[in-house]
Each structure stands twice: as structure tokens, then as C-alpha cells.
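Chemist: fold the following for me, if possible:
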Amino acid sequence: MTLAGCAVTVAEPETASEAEAEEIAALPAEETGPAALDLTDTLSAVEGVSYADGVFTVTGSGAYRVTGSAAAQLVVDADGPVELILAGVGMQSPEAICVLSGATVTITTEAGTENTLFDGADEPDEEATAVIWSKAPLVLGGEGTLTVLGGAHNGIR
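Modeler: Residues are numbered from 1 along each chain as shown. The predicted structure follows:
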């Protein structure tokens, strides 16, 4: 058996000048990750999201990790980019995800999760057009699965 080692020389740490310390302090705080939005908890407070009468409305740009199952609608009406990270979502609504405004909206499926969006209709609803409907650019991706079922509407429009 042969043992080998290596020598390491540790230099004295440099101290930051006062100007460098101010620059470091001015950097934005490290992000804590996406906001957690549970569709089964209509009373939870999520910054940038409101809830009324079965509709979750996202008005703040940023990332939202969405979980839970509900007969609810998720409306995006934000001025900046929004990412919806679907992590085990089940939604039933004529327009389950409806994007009214915003820069780009990204729908990402989290790895290892199954997500199902269903319009819940056998007959067309004159006001609804698709299970996922968007006026803004829409990007779909992720390593999980997304099943979009349009019983009476388009799947994605």
C-alpha cells in the first residue's frame, strides 16, 4: 500500500478595502427560491398572488412553485416575466391557466412530478377557449409530465 500526500500553503486572507466592502453590501440578497403556491390553501399569503372566488391571480413577476389539486383557475396578470413551476398539480377549470399580460410566461414541470390540467367540460363554454390560454409569449418545459385535457376546448392556445 502506498500513501501519498500533498503540501498546501495557505496564504493570509486579504482584507477588503472600505470601498469594496460597500460594493459587497450593495449586492442584492441571495434569492430564497420560488414562492410556494398551494392550490388547496386559499388562505395562505403568497406575495404577488391574490385569491377570490376560485381564481388565483399572479400580479408579481418572478417564480412560483405551484402544488395541489383544485377546481380553480390560475390567472397571470403581471408586468414582468413569470415562471410557474408545476410540482404535482391537478386543476379543473375551463381556462385552468390564463395569461392576460406579462413579458414571457414559462410553465416548467418539476422533475418526477405528474401534472394534469382539465377543462372539465363536455360542452363548449362560450367564454373559454383553451385549457392553457395566453396573450403573452409562452414557454413550456421541464422534466416532469404535463397532461392537458380539453374536453370541449383547445388544449393550448
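Chemist: beta partners of the residue nearest the centre of the chain?
Modeler: Nearest residue to the geometric centre of the chain (CA atoms, centre = their mean): residue 84, 2.1 Å. Beta bridges link residue 84 to residue 64, residue 107, judged by DSSP bridges.
Chemist: now it: how far from residue 133?
Modeler: Note on residue 84: its distance to residue 133, by CB to CB, to the nearest Å, is 14 Å. All C-beta atoms are positioned from the backbone trio N, CA, C, and that covers glycine.
Chemist: between those two, what contacts are shared?
Modeler: residue 97 (CB atoms under 8 Å, 6 or more residues apart in numbering).
Chemist: so for the closest residue to residue 73 other than its chain neighbours, what's the pLDDT?
Modeler: Spatial nearest neighbour of residue 73, chain neighbours left out: residue 93 (4.3 Å); criterion: CB to CB, 6 or more residues apart in numbering. Listed pLDDT for residue 93 reads 88.
Chemist: do I have it right that residue 93 meets residue 72?
Modeler: Yes - between residue 93 and residue 72 there is a contact at 6.1 Å, judged by CB atoms under 8 Å.
Chemist: comparing these two, which residue is more hemmed in?
Modeler: Applying other CB atoms under 10 Å to residue 93 and residue 72 shows that residue 93 carries more neighbours, namely 22 against 18.
Chemist: report the contact partners of the more buried one.
Modeler: Counting by CB under 8 Å, 6+ apart, residue 93 has contacts 54, 71-73, 119-120.
Chemist: now for the residues you listed, which pair is the farthest apart?
Modeler: Maximum pairwise distance among these (CB to CB): 14.2 Å, between 54 and 119.
Chemist: who has more neighbours out of the two?
Modeler: Shown here are residue 54 and residue 119; by other CB under 10 Å, residue 119 has more neighbours (26 against 11).
Chemist: backbone dihedrals for the more buried one, please?
Modeler: With angles defined as degrees, to the nearest 10, residue 119 sits at phi -70, psi -20.
Chemist: report pLDDT for it.
Modeler: Residue 119 is given a pLDDT of 85.
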